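Asks: Below are the sequence and a predicted model for it; my questions follow.
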Amino acid sequence: MSDPAVDDFVQLLTPDGERVPHPRFSFDGSDEQVAGYLREMVLARRFDNEATALQRKGELGLWPPALGQEAAQVGSASALRLPDFAFPSYREHAVALHQGVDPVEMLSTFRGTAMAPWANEVAGMHPYSFVIGTQTLHAVGYAMGLQRDGLVGNPDPAANGAVVAYFGDGATSQGDVNEAFIFAASYTAPVVFFCQNNQYAISEPIALQSKIPLYRRASGFGLPGVRVDGNDVLAVQAVTSWALDRARRGEGPALIEAYTYRMGAHTTSDDPTKYRSSDETEHWRARDPISRVQTYLLGRGAIDQAWLDALEAECEELAIRVREGCVTLREPALEEFFDYAVIDPPEILLEQRDDYLEYEAGFDEGTYAEPDPAQPEVQEAF
């Protein structure tokens, strides 16, 4: 398939649940596959809502909701296969669930008990990146590694791999992202830059960041750029599959702008009512990515109320497991922090570890005395 036109907007399923043709992209999967996408989106939303509630109850320090972005994440993740690799930011919860990350373990990062404990257990998923845009450079480096390992451009398509780098519209204003575009283009790296344009970089609307659509920036770096309806899981799957296939063949990077909307807050410390209107939110709520797929499948007779009831029961089971698992996450031991510092720790680091452990043990042995609040504090003069 040739690169799509610059001014293309890809949509295959309307907000009313109607299939529409597109001259360059198509979804050839079955209704059973589409039902699988719906299941993933619904479960991801329930997990997201439970995590938000846990933060409100004080069980998590912070949570970045992904409400409204389920189609962009499930559609793109469904195009991945080994040896592909995903590099997320901090909001790709549906991608993480698709890749096999345990939802309770995902909460540990936000509860402060671990830092992405799935890193060595889940194939195809990098830990979350919290510094805006850094993951795009990591993704390009990994993609260049795939090239040098002979996993790109082979006659056997199954032997080839590529990388997807996830980021938001706000990250496109960061230098790291633009540097990643340059390196990827220069070395024809097999990486798909997947921008979830959810319309706001915290409180800053996209109109203040870019005077042109984000996907059109790709041409300045020599990349093909596509804007897809990010609330249409079928279109996202089709476009991401195209981009990954060309990357695996050795044809280089591409930029996908998934045009979507963050229906919730940027994080649980944010109040979106301060910078956007209720009319705007309702406008996008009518384009809900889950509702359109459910409408389509019900209209086709591919699912029924019994199917939806079974999915709701599955959501309840997930919710219970998340709520119970969150509060029982094991707190890390002090020495474990040193285990993750460097692979071969130098002697000075081991000495610091031993000093800290001795200091910590002093509390258990009662050798450390807390100040007596009844005694006046003595101020030394200097």
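Replies: Ah, there it is.

Asks: Would you agree Ala171 is in contact with Phe87?
Replies: No: taking contacts as Cβ atoms under 8 Å, Ala171 lies outside contact range of Phe87: 11.9 Å. In this view, the C-beta of every residue, glycine as well, is placed from N, C-alpha and C.

Asks: Overlap of the contact sets of those two?
Replies: Common contact partners of Ala171 and Phe87 (Cβ atoms under 8 Å, 6 or more residues apart in numbering): Thr136.

Asks: Tell me which of those two has more neighbours.
Replies: Phe87 (27 against 24; other Cβ atoms under 10 Å).

Asks: Now the more buried one. Nearest residue, chain neighbours left out?
Replies: Ala139 (3.9 Å; Cβ to Cβ, 6 or more residues apart in numbering).

Asks: cool, and Gly112?
Replies: Counting by Cβ to Cβ, 6+ apart, the residue nearest Gly112 is Gly61, at 5.6 Å.

Asks: I'd like to know how far the one you found sits from Ala53.
Replies: Here the criterion is Cβ to Cβ, to the nearest Å. By it, Gly61 lies 14 Å from Ala53.

Asks: pull the helix or strand with minimum mean pLDDT from this structure.
Replies: helix 334-339 (a mean of 81; mean pLDDT, DSSP states H and E).

Asks: How about the contacts made by Leu234?
Replies: Taking Cβ under 8 Å, 6+ apart, one finds Leu12, Leu13, Arg19, Phe27, Gly29, Val34, Tyr37, Gly75 in contact with Leu234.

Asks: likewise Asn160?
Replies: Contact partners of Asn160, counting by Cβ under 8 Å, 6+ apart, are Leu151, Val152, Gly153, Asn154, Pro190, Arg248, Arg249, Gly250.

Asks: can you put the residues you listed in CSV and add secondary structure?
Replies: Conversion of those to CSV gives the following (DSSP: H, G, I helix; E, B strand; the rest coil):
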residue, secondary structure
Leu151, coil
Val152, coil
Gly153, coil
Asn154, coil
Pro190, coil
Arg248, helix
Arg249, coil
Gly250, coil
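
Asks: quick one: which of those is most hemmed in?
Replies: When the contacts of Asn160 are compared by neighbour count (other Cβ under 10 Å), Pro190 ends up highest, at 31 neighbours.
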